[in-house]
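> What would the 3D arrangement of this be:
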Amino acid sequence: MKQQISVVTLGTADLSRSREFYVEGFGWKPIFENEEIVFYQMNGFVLGTFATSALAADMNRTDLTTRSAFALGHNVPAREDVPLVIEQLIAAGGRLLRKADSPPHGGVRGYVEDPDGHAWEIAWNPAWAIDDDGHVTFGL
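Sure thing, here's the model as predicted:
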């Protein structure tokens, strides 16, 4: 089996508010949307934001929560981009979790949560290459 992720889907309480965060904050363009879901074409996979009630019904579950032990990552090409992206996300409805700083292992990172509590790490790592298509290659 190939080592890949095809789609990541996030539950959202208010699809319009979520759309504003991703479109205005990150500058992403939806590739499909209706009253229940918005899809964004990423670099090799699709990100979906799905109304939580519709996602729960689709999964046949009733116990969905938004806050969990995970963080999504958005790497940027330059150190100075980290605080800029964080500010854009806050202006688009995000909430600061951790301001940009330098962790002991190097680089720069900060955290913002989207309007539904999904944590996003905004990071620059000098050892991780980002190509023109936005693909990140792990490096040490």
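> Not counting its own residues, what contacts the longest helix seen in the chain?
For the chain, the longest helix by residue count, based on DSSP state H, is helix 81-91. Contact with helix 81-91 is made by 21, 24-27, 74, 76, 96, 99-100, 108-110, 112, 114, 120, 122-124, as judged by C-beta atoms under 8 Å, 6 or more residues apart in numbering. Glycine gets a C-beta too; all of them are placed from N, C-alpha and C.
> Buried ones among those?
Neighbour-count burial (16 or more other C-beta atoms under 10 Å) applied to the contacts of helix 81-91 gives 21, 25-26, 74, 76, 100, 108-110, 112, 114, 120, 122-124.
> ok, of these, which one's closest to residue 57?
Taking C-beta to C-beta as the measure, residue 57 lies nearest residue 114 of the buried ones among the contacts of helix 81-91, at 21.6 Å.
> contacting residues around the nearest residue to the closest one once chain neighbours are set aside?
Among residues not flanking residue 114 along the chain, residue 21 sits closest, at 5.0 Å (C-beta to C-beta, 6 or more residues apart in numbering). The neighbourhood of residue 21, defined by C-beta under 8 Å, 6+ apart, consists of 89, 92, 93, 94, 114, 115.
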